[in-house]
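Engineer: Structure for this input, please:
(one chain, ligands or ions: 1)
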Amino acid sequence: MKQIGDHIWQISAKAEGPHLMIIGGTHGNERTGVEVVRALVDKGLSLEAGTLTLALGNLKAIEINERCSEPHVDLNRSYAEDLLEREPKGSYEDQRARELAPHIAAADYVIDIHATNKPSEAFICSLFAPEHLRLHDFFPVSKVLGDPEYILGGAPVTTDEYADAFGGAGICYETGQAGDTSRVQEVLEEMLGVMKGLGLTGDGGVSSPVGGKEYYTLSHRILLTEAGFTWESGYGNGSWEAFTTGQVIGHHGDEPLTAEYDGVVVFPKIDKHWQLGSSVGYLAKRIEIDTN
Ligand SMILES: [Zn+2]
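Structural biologist: Modelled structure (predicted):
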């Protein structure tokens, strides 16, 4: 593998094929992705077709084992579509996003490996477009979360959304809980499986598609206001807590947050990430999609 940037590596085969990029450590405390990318770099891979780009995301945050290099400056909210035409913001995350952006834009498929701060089964975040659906099969997860209305960032700002904006297919893979590295070997095998499934390599990995997924879309951002917010008992402890229409999920001060549909809580934030005017968690709605 050739180093083509600061902790960015690439290998290409002579034969044409898809360009896959795998990123770990967009959030520095999400260690599985960091370990998987390091292992792939060390593996001495050779490709039969196409190109593989590997990268570590937020190098400063990885060094200090924190989500971001300083509170509330998030690399995974730094990829505005016109990032490279904008004036630099001066933050490390903004600078790092500018280094990674051209590589993300150049790839056909981008997998950004994450982990959640509260407990969750593994799942993927992705659009439901055909090229994305093709990739979904290679992940042994039962849930896919889409955000077609950009409720997470208010606009396309994440790694996978940046890939999508430049004609690629971006997937954010939530591998489990941050700090838990027990799935490193499994996730490594899964990435080798994706490479095999896309035709980059001829051996190794799991290439049997896994079907039967549930699809959800983000539907609501729970904002922390001056009134404060408290979760109702049984909510806010982890992703995929289910609720039904009419159920109270929490309170903004005295004001109940009542579910208007059947759904689930996703990405509840840990206390130290709570910030006035920012989200403390999200609601998502189950949807049916035609995968054929
Ligand atoms: Zn993350």
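Engineer: For the residue of the chain most remote from its centre, give me its contacts.
Structural biologist: The C-alpha centroid of the chain is most remote from Asp254, which lies 33.7 Å away (C-alpha atoms, centre = their mean). By C-beta atoms under 8 Å, 6 or more residues apart in numbering, the residues touching Asp254 are Ala227. C-beta: built from backbone N, CA, C; applies to glycine.
Engineer: at 7 Å what do you get?
Structural biologist: By C-beta atoms under 7 Å, 6 or more residues apart in numbering, Asp254 lies in contact with nothing.
Engineer: any idea how far the ion is from it?
Structural biologist: Distance from Asp254 to the ion, counting by C-beta to the ion, to the nearest Å: 33 Å.
Engineer: so what secondary structure elements neighbour the lowest-mean-pLDDT helix or strand in the chain?
Structural biologist: Every helix and strand of the chain was ranked by mean pLDDT, DSSP states H and E. The lowest is helix 130-136, at a mean of 90. When contacts are defined as 3 or more C-beta pairs under 7 Å, 6 or more residues apart in numbering; DSSP states H and E, helix 130-136 sits against strand 123-126, strand 169-177.
Engineer: With mean neighbour count and mean pLDDT added, can I get those in JSON lines?
Structural biologist: JSON lines is the format used below for the helices and strands packed on helix 130-136 (neighbours: other C-beta atoms under 10 Å; pLDDT from 0 to 100):
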{"stretch": "strand 123-126", "mean neighbour count": "24", "mean pLDDT": "96"}
{"stretch": "strand 169-177", "mean neighbour count": "25", "mean pLDDT": "96"}
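Engineer: out of the ones you listed, which comes closest to the ion?
Structural biologist: strand 169-177 (7.4 Å; C-beta to the ion).
Engineer: Note down every partner strand of that closest one and its orientation.
Structural biologist: Strand 169-177 has the following sheet partners, assigned by DSSP bridges: strand 109-116 (parallel), strand 123-126 (antiparallel).
Engineer: Dump the ones you listed into CSV; add distance to Arg38 as well.
Structural biologist: Output for the strands paired with strand 169-177, formatted as CSV (distance: least, C-beta to C-beta, whole Å):
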stretch, distance to Arg38
strand 109-116, 12
strand 123-126, 22
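Engineer: can I see the domain layout of the chain?
Structural biologist: 2-197, 216-287 (automatic domain parsing).
Engineer: Bridged to the residue in the stretch 51-200 of the chain that the ion sits nearest to, which residues?
Structural biologist: At 3.3 Å from the ion, His114 is the closest residue in the stretch 51-200 of the chain, using C-beta to the ion. Beta bridges link His114 to Glu174, judged by DSSP bridges.
Engineer: now it: how far from Leu45?
Structural biologist: According to C-beta to C-beta, to the nearest Å, His114 stands 22 Å off from Leu45.
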